[in-house]
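# Here's my sequence, what's the structure:
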Amino acid sequence: MNNLSTVIFIVFILFIQTVCPQTNACWFHEIFTNPEPLQCSLSSRNLGKSIYILYDVNPPEGFNLRRDVYIRLAVFVRNLQMESGFEFVKLVLPPFRRLYHWKSSHVYQDNVLWSRFFDIPSMKAFTPVLDYDEFLDEIHETLVDPNRISVDVAYQLKHFEDMFENGVFRDKYELEECKREEHLRGYLLHQPQLIENKFICLKFQGGASLLTDVLKSSIQRLKHSPKIFALLNAEIVLHDQWGSDEFWMARRSMRFNRELVKIANDFRKDFFNSTDDSDAVQRPYSWKDEKPYRGAIGGDYLCVHLRRGDFVHGREKTTPTLKSAGTQIRNKMRELGLEKLFVSSDCSQFEFKNLKSYLQRGRVYRFMAESLHQKSLIKDGGIAIIDQIICSHARYFIGTFESTFTYRIYEEREILGFPKDTTFNTFCKTEDLENCAKNSIWPIVY
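Coordinates of the predicted model:
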């Protein structure tokens, strides 16, 4: 190696240590062939220093609430990296079990990875996350027995009985005596490889950053590496700063699985002649290149999310009848001069036909899997995402009051750059639009 080559090599190594300080070296192909933002793999020496945070959510909670819980923890882990001793912390994404709204009994929907629905490399560009299969592959390199993964501490989070002590809500936590057998209702610790060493009940109230003190106290007592923690009922943890720029960075990084995007885009093109270019939406290759934008027009169709199911009875005061919903849709389509409608709903096929009967002058569409094979691949969660993608590109959107599914579409349309008045719209109980419960408006922050 001549002198010039030596200088170039030294400069290159210094560059690597600058852009990726958590690792000793990055492989050349990762740097020069990966189109995503630079991601460096941890060296095997640093692998043993890793701290893995696993988590689970209360089983009845739906798919879209789980996405919000992820954001709370993703922002937390991103900031936790700045704390001494947590430089190599990683958030492990829990596999999905069959959820309440995943009704297709003929489709296997247990142990479903996040990569089935989301673009994991895009999420990694925000915070260090591992899909569950990646966690298993990585942790096995450090284990003597690959079939036994020891969780150092499993924290069972619980609400305080009195959340407003003296009328004031404040952040706090408190250890509580409990029996392990009374709490293991979730899915995570039923994974065959996981064996928890210590099970602790923790009354918890407040933002995710409060977990820092909890984890620090445990780490100080653990001398071995790597370290593994589990947070059960993680939905109890609140956002530190909901709606902040960090919240929106995490949300923007949650791009969908590319195959699902292709299916949705093909549907938009075939039925609505809708493309990203013609819709004037913002969609650069990387979410990091997104900027403040309000120029999206959308495709030549109206989209509605009409929640039925448990909302019909559980939220009767705010959920419209099919006839009322049909009237509101018909009036809005007439006002906007639109002839095509896309419906995203958990309604039955019978209810869908009834809704169409109130919209005889419009052309009404609904996404259905092309075949049983396709449905077995994309699953009910994939169909929900395809619905959300199609709705997020519509000229105008109407959602359901207090539905997390609707909230996720609001967020997606904010990212794509739609005007607020075409996005934050809500079905009313009746056609009396003046006396109507409406969802809140929260614009995107950069």
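# Pull the contacting residues for Ser150.
Ser150 makes contacts with 195-197, 228, as judged by CB atoms under 8 Å, 6 or more residues apart in numbering. (C-beta placed from N, C-alpha, C; glycine too.)
# and the spatially most central residue of the chain, what is it in contact with?
Using CA atoms, centre = their mean, the residue of the chain that lies closest to the mean C-alpha position is Arg67, 2.8 Å off. Shown in contact with Arg67 (CB under 8 Å, 6+ apart): 254, 408.
# Got the confidence number for it?
For Arg67, the model assigns a pLDDT of 97.
# Equivalent analysis for the one 5 residues further on, please.
Reading off the confidence values, Arg72 has pLDDT 98.
# Which of the three states applies to it?
Secondary structure, DSSP: H, G, I helix; E, B strand; the rest coil: Arg72 is helix.
# Ok, Lys90 next?
Classification of Lys90 using three-state DSSP returns strand.
# Verify the stated contact: it with Val129.
Yes. Using CB atoms under 8 Å, Lys90 is in contact with Val129, at 6.8 Å.
# Those two - which one has more neighbours?
Neighbour count, other CB atoms under 10 Å: between Lys90 and Val129, Val129 has more, with 24 against 21.
# Excluding covalently adjacent residues, which one is nearest to that one?
Leu91 (4.8 Å; CB to CB, 6 or more residues apart in numbering).
# okay, and for the stretch 1-150 of the chain, where does confidence drop off?
1-48 (pLDDT under 70).
# Now with 80, please.
Counting by pLDDT under 80, the stretch 1-150 of the chain shows low-confidence ranges at 1-48, 144-146.
# Check the stretch 151-300 of the chain too.
Within the stretch 151-300 of the chain, the ranges that satisfy pLDDT under 80 run 165-166, 181-186.
# Could you report the distance from the residue nearest to Val129 to Glu434?
45 Å (CB to CB, to the nearest Å).
# which one of those two has more residues nearby?
Leu91 (23 against 5).
# thinking the more buried one is in contact with Ala74, fair?
Yes. Using CB under 8 Å, Leu91 makes contact with Ala74 at a distance of 6.3 Å.
# overlap in contacts of the two?
In terms of CB under 8 Å, 6+ apart, Leu91 and Ala74 are both contacted by the residues 127, 129.
# Now that we have the contacts of Ser150, which of them are buried?
The neighbour-count test (16 or more other CB atoms under 10 Å) marks 196, 228 as buried among the contacts of Ser150.
# rewinding a little: any residues in contact with both of Lys90 and Val129?
Common neighbours of Lys90 and Val129 (CB under 8 Å, 6+ apart) are Val77.
# Name the residues of stretch 264-275 that are buried.
Buried, per 16+ other CB under 10 Å, within stretch 264-275: 264-265, 267-268, 271-272, 274.
# burial of Asn425, as a residue count?
Asn425 has 19 neighbours, counted by other CB under 10 Å.
# go on, Ser122?
Using other CB under 10 Å, Ser122 has 20 other residues around it.
# try Tyr285
9.
# how near is Glu335 to Ser209?
If you measure Glu335 against Ser209 using CB to CB, the figure is 46 Å.
# how near is Gly381 to Phe424?
25 Å.
# whoops, I mixed them up, Glu182
Taking CB to CB, one finds Glu182 at 42 Å from Phe424.
# These two: who's more crowded?
A direct count of neighbours by other CB under 10 Å for Glu182 and Phe424 places Phe424 higher, at 21 against 9.
# which residues does Pro192 contact?
Neighbours of Pro192 in contact, by CB under 8 Å, 6+ apart: Asn147.
# secondary structure class for it?
Following three-state DSSP, Pro192 is assigned to coil.
# so after the lengthiest helix in the chain, what's the next helix or strand?
Longest helix in the chain, counting residues (DSSP state H): helix 372-392. Remark: after helix 372-392, the chain's next helix or strand is strand 394-398, criterion DSSP states H and E.
# Strand partners (parallel or antiparallel) of that next one?
Under the criterion DSSP bridges, strand 394-398 sits next to strand 299-306 (parallel) in its sheet.
# what angle do the partner strand and helix 372-392 make?
100 degrees (axes from the mean of the first three to the mean of the last three CA atoms, to 10 degrees).
# Export strand 299-306 to CSV, keeping only CA atoms.
Output in CSV follows, covering the C-alpha atoms of strand 299-306 (Å, rounded to 0.1, in the frame of the first residue of the first chain):
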residue,chain,number,x,y,z
GLY,A,299,-57.5,11.4,-7.0
ASP,A,300,-60.9,12.0,-8.6
TYR,A,301,-62.9,10.2,-5.9
LEU,A,302,-64.2,10.5,-2.4
CYS,A,303,-63.1,8.1,0.3
VAL,A,304,-65.0,7.3,3.5
HIS,A,305,-64.0,5.2,6.5
LEU,A,306,-67.4,4.0,7.9
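# Check the offset of the next helix or strand after it from the chain's centre.
Next along the chain after strand 299-306, taking DSSP H and E as the criterion, comes helix 311-314. The chain centre lies 25 Å from the centre of helix 311-314; the measure is CA atoms, centre = their mean, to the nearest Å.
# what mean pLDDT does helix 311-314 have?
The pLDDT scores in helix 311-314 average 90.
# Quick check: beta-bridge partners of the residue nearest to Val129?
Ile53, Val129.
# contacting residues around it?
Contact partners of Leu91, counting by CB under 8 Å, 6+ apart, are 53, 55, 73-74, 77, 127-130.
# Disregarding residues adjacent in the polypeptide, which is nearest to Arg97?
Tyr187 (4.5 Å).
# Was I right to think that neighbour contacts Pro95?
Yes. Tyr187 is in contact with Pro95 according to CB under 8 Å; the separation is 7.3 Å.
# tell me which element Glu316 is part of?
Per DSSP H and E, there is no helix or strand for Glu316.
# Could you number the chain from 463 rather than 1 from now on?
Got it, the first residue is 463 from now on, which makes the last one we talked about Glu778.
# What separation is there between it and Tyr858?
Distance, Glu778 to Tyr858, by CB to CB: 26 Å.
# Please identify the helix or strand for Arg875.
helix 866-878.
# OK, contacts around His686?
With CB under 8 Å, 6+ apart, His686 has no contacts at all.
# quick one: it is in a strand?
No. His686: not assigned to a strand; according to three-state DSSP it is coil.
# For the closest residue to Ser577 other than its chain neighbours, give me its contacts.
Excluding its sequence neighbours, the residue lying closest to Ser577 (CB to CB, 6+ apart) is Asp593, at 5.2 Å. With contacts defined as CB under 8 Å, 6+ apart, Asp593 is in contact with 555, 575-577, 582.
# And for Thr674, the neighbour number?
14.
# ignore the last one, Lys779
For Lys779, the count of nearby residues is 8 (other CB under 10 Å).
# got a pLDDT number for it?
Here the pLDDT value assigned to Lys779 is 91.
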